[in-house]
Structures are given as structure tokens and as C-alpha cells.
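Turn this into a model:
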Amino acid sequence: MSAALIPASARALPLAVRARGARIFTADGRDYIDGSSGPLAANLGHGHPAMIEALNRQSHDLVFAHRAQFRNTPAERLAAGVAARLGEGFGRSSFVCGGSEAVELAMKLAHMTWAAEGRPEKHRFVSGRVSYHGNTLGAMNLSGQPRYSSAFRPLVHGEQTISVPQTYRLAVPDGETPARQALARLRAEFADLDVEHTAAVVFEGVGGSSSGVVVPPPGFFEELRSLCDEHDVLWICDEVMSGFGRTGTWFAFQHSGAVPDIVCFAKGIAGGYAPLGGVTVSDRVWERIAAAHPAVAAGHTFTNFPLNCAVGLAALDVIERERLLDRVTDRGRRLGQELTDLAREARIVGDVRGIGYMWGLEFTLPGTTEPFDPALDVTARAVATAAEHGLIVYPARLCAGDGRGDAVIVAPPLNATDDELEDLLSRLGDSLHSIRVSLDI
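Numbers count the residues shown, from 1 in each chain. Next up is the predicted model:
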């Protein structure tokens, strides 16, 4: 371990030296299946020739042009490409270097929207309990998952929260369904919000590392859209993890019939080949901002960075040319069943939930929905054990709320081959067996 780097993990990490497809190779000669696409970012695998070519080509033409001094073609083309994939009603984007920056820009734009209408008092935000929206201070305020902010508590005050639509443990009265119960809870909790001072509700398209993958049930986003309209509140959809094909559509909210006011994204937009994120606002939001501001002074040094935007354009092209949305939709259904079969055999996984190539496995005491004792830290045990078997999975600790819950995320590259997926499942099965043995179950 380098003595010059601030460590990113308490666990000793291998030294990566090369990667191809869904495999990462280390200095000690081992290979790992990248079963989570890193942090659900390396969506196009490693060493894709089209992505490398885009980096090389743009680096010869134009690497840097400051947003306040020049326009640049890659950024303008990428903005048009994102708007087209979001669908009618979206038209203005700004590109940053990651998800945390994107969420913070979305917050600023939401506040500017109301301030432009003479309502600057609408500056508060609402997020989901058990959610994650970034690691900068503003985004951390939104993250309804205490573990992310515990080390920075004096700097983070938190925002209003409402329940995320976790249906696994939801108490359902006779004659009700989990989906209807989730909608009823949403309505009840929305009624208690300080909507007079609220600029926006921020919700993940599909819950990520905080919840161990929570897919909103049918009707949830439609109900959220209706409540936001009724109470003069904007809806910001955080698609940082779930966007750009991860769930089988360009954006996860597109599985519903509802449309947000602002969409923020990162990770998959560049397939893991460049630090890129962004925000796109609806036409109705942009018209309100533009009426008061001919330009938005909310950027950073590398906003609309030409090199990164060129990589984003290449990623859009690869996703379409290789028909990865179809691949994820079709193969994702089978992946979910295969994971469910492994979970049933392992006995320590109580719930397998997800969509497309985004799946959460929550660990529970066998035959129950009861989380393991937090002192066992089953999530850390699972991540380390998987690594011992040459598999990378992503942690989702405390996913059940109230300081409990252990889960990992399986989210392979969208273009992973059948052989790579079979290897992933084999290594995961071996890992789950080893975890069960270590827990003496």
C-alpha cells in the first residue's frame, strides 16, 4: 500500500494493472470479475476500443476550453444527445465531473427556479430516508443514510425526508398490496412536509448503495409527480447510478409514465472512461430560470469539458450500436432469476430485488426478514469474501434503516459476455457458501 496516498479502505487492496471486458487483472497475477462495474460506473467494461479511440481523437483536437470563454462541439452535441434520450420537454444541460457535482447543480437550479418567480423562501429539499446523493456537503445534506455523514456531522445538518418505497418489510393490511401501501405512505408523509419552503423532492430513479437497490413500485413516480404539482414542489430525479441503460431504459424513471423537472446523472454517461456527470432541466424549468438569468453562473473549472463530453458521446453511440438496452432488458430478467436461485441455495439472502443489470442481495437470518446483528458487519464480510473468490460486488450497508441491514449490489457491465456472466455467477455462488460457513449457519 502506498504511503503517499490517503487510504480509501481499511482493507488491504490489490494493485490493479490491466483490465479488459469485465475482468480486472492485478500485479500479483489474479483476475477479478468486475461484478459491480466499479461503483456502477464502468458500464461499458474495460478497454473498449471505441471509447479509447474517442479519448485519443479528442485529445488531439481540443482538450480544454473554458465554458465562459468558448463554446465547444462535444458539449453541444452531448447536450442534444441527452435531451433526445430524455424525450420531449427537455432541452438544456450542463456537464460536470461527477454525481455529487450534478446533484448540487440540480439543487441550485431548483432554488433559482423559485427565486426567479419571487419565491426565494423555497430553499429546502426533501429526499428519501435511506438514500444517497453524493459526497460533497450539499449533496450529503440530502443523503438520508446517516453512515455517509457521520464523520462530518458538524458540517451536515440534513434535510427533510420521506420513506423510500421499500416493500420487502412493509406491513401490508389485509386486502392491500405492497405497492398501494407504499403510495398511501407517500401521501401521508408528503402531507407533513414544509412544502411552503420546499424547492424540490430528490429521489433516486432506482435506489442504490444506501438501500441495496429499491425499485419504485408501479404508480409510485406518478403519485410523486402529482403531489409535487399539487404542492408547488419540483421533482429532481437522481439517475447517477440508474441512468444510461443500467435498468434497460436510458433512464430508470422511463419505466413509469411520470416525467421529472430536473434529471441529474453521471457514472454510466461516460461508461467509466472519464469523470463526467450532468444535469438536464425541463423546458418549463428553463423558461422560468431564463426569464431572470440570461446565463447561469453555477459552473466549475471543468464544466462542459470537451474531452469528457467527447467520451460521453462515444458512450451513447456504443450503447445504441451494440443494442445494449435490449441486451440488458432481456438478459437482465434471467440474471434476476439466476441470482434468486443462488440466494435460495445460500439461505442467508432474504431478498433479491432489482431490474435490468442492477440487483441487490439483502442478507437476513435464514427463513426470516430479520437483519443480522450489525456487530457482524455482514456487508463487509461479503465484499471481502467475494474479493477472495475473485469477484467485485458493491456494498450496501445499513440498507434496512435504523442502523441495521446488510446487502451487496451486483451490477455487471452492460456489455458483459455470457461467459463473463457465467463466471460471475459461479464466483458469487462460491462466495455465498463461504459467507454462510463463516457465519456458522
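
from here on, contacts and neighbour counts on C-alpha atoms
Noted.

in the stretch 1-150 of the chain, what spans have low per-residue confidence?
1-2 (pLDDT under 70).

mind listing the helices for it?
With DSSP state H, counting those that start in this stretch, the ranges of helices along the stretch 1-150 of the chain come out as 37-40, 49-61, 73-86, 99-116, 137-142, 146-149.

distance between the longest one and the chain's centre?
The reference is to helix 99-116. Between the centre of helix 99-116 and the centre of its chain there are 18 Å (CA atoms, centre = their mean, to the nearest Å).

what does it rub up against?
Helix 99-116 is contacted by residues 95-96, 120-123, 133-136, 138-139, 199-200, 234, 236, 238, 240, 262-267, 276-279, 285-286, 288-289, 291-292, 298-299 when judged by CA atoms under 8 Å, 6 or more residues apart in numbering.

What residues of that helix count as buried?
Applying a neighbour-count criterion of 16 or more other CA atoms under 10 Å, the buried positions in helix 99-116 are 99-115.

One more: the last one?
The neighbour-count check on helix 146-149 (16+ other CA under 10 Å) flags 146, 148-149 as buried.

Next secondary structure element downstream of it?
Counting by DSSP states H and E, the next helix or strand C-terminal to helix 146-149 is strand 160-163.

what sits against the residue nearest to A179 when sequence neighbours are not counted?
In space, A179 comes closest to P217 once its chain neighbours are excluded; the distance is 5.4 Å by CA to CA, 6 or more residues apart in numbering. Listed by CA under 8 Å, 6+ apart, the contact set of P217 reads 165, 179, 182.

Looks to me like P217 is in a strand.
No - applying DSSP: H, G, I helix; E, B strand; the rest coil, one finds P217 to be coil, outside a strand.

per-residue confidence at it?
The model reports P217 with a pLDDT of 96.

how close does it get to E204?
To E204, P217 is 13 Å away according to CA to CA, to the nearest Å.

With G87 instead?
Relative to E204, G87 is positioned 19 Å away (CA to CA).

Likewise for E230?
Applying CA to CA to E230 and E204 gives a distance of 21 Å.

More neighbours: which of the two?
E204 (28 against 9; other CA atoms under 10 Å).

How about the contacts made by the more buried one?
Applying CA under 8 Å, 6+ apart to E204 gives the contacts 131, 133, 237-239, 242.

buried ones in the helix or strand hosting G336?
Using DSSP H and E, G336 sits in helix 324-346. For helix 324-346, burial by neighbour count (16+ other CA under 10 Å) applies to 324-329, 331-332, 335-336, 339-340, 342-343, 346.

need the next SSE after it, C-terminal direction.
strand 349-355.

Parallel or antiparallel, which strands does that following strand pair with?
strand 358-363 (antiparallel) (DSSP bridges).

ok, back up a step: redo the helices of the stretch 1-150 of the chain as CSV? Include distance to V195.
Below are the helices of the stretch 1-150 of the chain laid out as CSV (distance: least, CA to CA, whole Å):
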stretch, distance to V195
helix 37-40, 33
helix 49-61, 44
helix 73-86, 27
helix 99-116, 13
helix 137-142, 16
helix 146-149, 23
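
What residue spans form the domains of the chain?
16-47+323-438, 52-321 (automatic domain parsing).

In TSV, list the ones you listed along with distance to A3.
Compiled in TSV, the domains of the chain are given as follows (distance: least, CA to CA, whole Å):
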stretch	distance to A3
domain 16-47+323-438	17
domain 52-321	23
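
what about these, which gets the closest to I6?
Closest approach to I6 among the domains of the chain (CA to CA): domain 52-321, 15.8 Å.

roughly how far is that closest one from the heart of the chain?
Relative to the centre of its chain, domain 52-321 is centred 10 Å away, using CA atoms, centre = their mean.

what's in contact with stretch 162-180?
Outside stretch 162-180, the residues within contact range by CA under 8 Å, 6+ apart are 126-131, 181-182, 185-186, 189-190, 214-220, 351, 369.

Can you mark which positions in it are buried?
Here stretch 162-180 shows 162-167, 178-179 as buried, counting by 16+ other CA under 10 Å.

what two of the residues you listed are the furthest from one another?
Using CA to CA, the buried residues of stretch 162-180 reach their maximum pairwise distance at I162 and P178, which is 16.7 Å.

And the contacts of helix 99-116, which of them are buried?
Buried residues within these, counting neighbours by 16+ other CA under 10 Å: 95-96, 122-123, 133-135, 138-139, 199-200, 234, 236, 238, 240, 262-267, 276-279, 285-286, 288-289.

from these, which ones fall inside strands?
In strands, defined here by DSSP state E, the members of these are 95-96, 199-200, 234, 236, 238, 262-265, 277-279.

List just the nearest of these to P395.
For those, the minimum distance to P395 (CA to CA) is 19.2 Å, reached by D238.

How much space separates that closest one from A27?
Computed as CA to CA, the D238 to A27 distance reads 36 Å.

Equivalent analysis for W235, please.
46 Å.

between the two, who's got more neighbours?
Using other CA under 10 Å as the criterion, W235 and A27 rank with W235 on top: 25 against 11.

Give the full set of residues in contact with the more buried one.
Going by CA under 8 Å, 6+ apart, W235 touches 200-203, 225, 228, 260-262.

Swap in 6 Å and give it another go.
Applying CA atoms under 6 Å, 6 or more residues apart in numbering to W235 gives the contacts 200-201, 260-261.

quick one: which of these is most hemmed in?
When neighbours are counted by other CA under 10 Å, A200 leads the contacts of W235 with 27 neighbours.

May I have the predicted confidence score for the nearest residue to that residue once chain neighbours are set aside?
Once flanking residues are discounted, A200 sits nearest to L234: 4.3 Å by CA to CA, 6+ apart. L234 carries a pLDDT value of 98.

Is L234 in contact with V202, as I believe?
No - using CA atoms under 6 Å, L234 makes no contact with V202, being 8.6 Å away.
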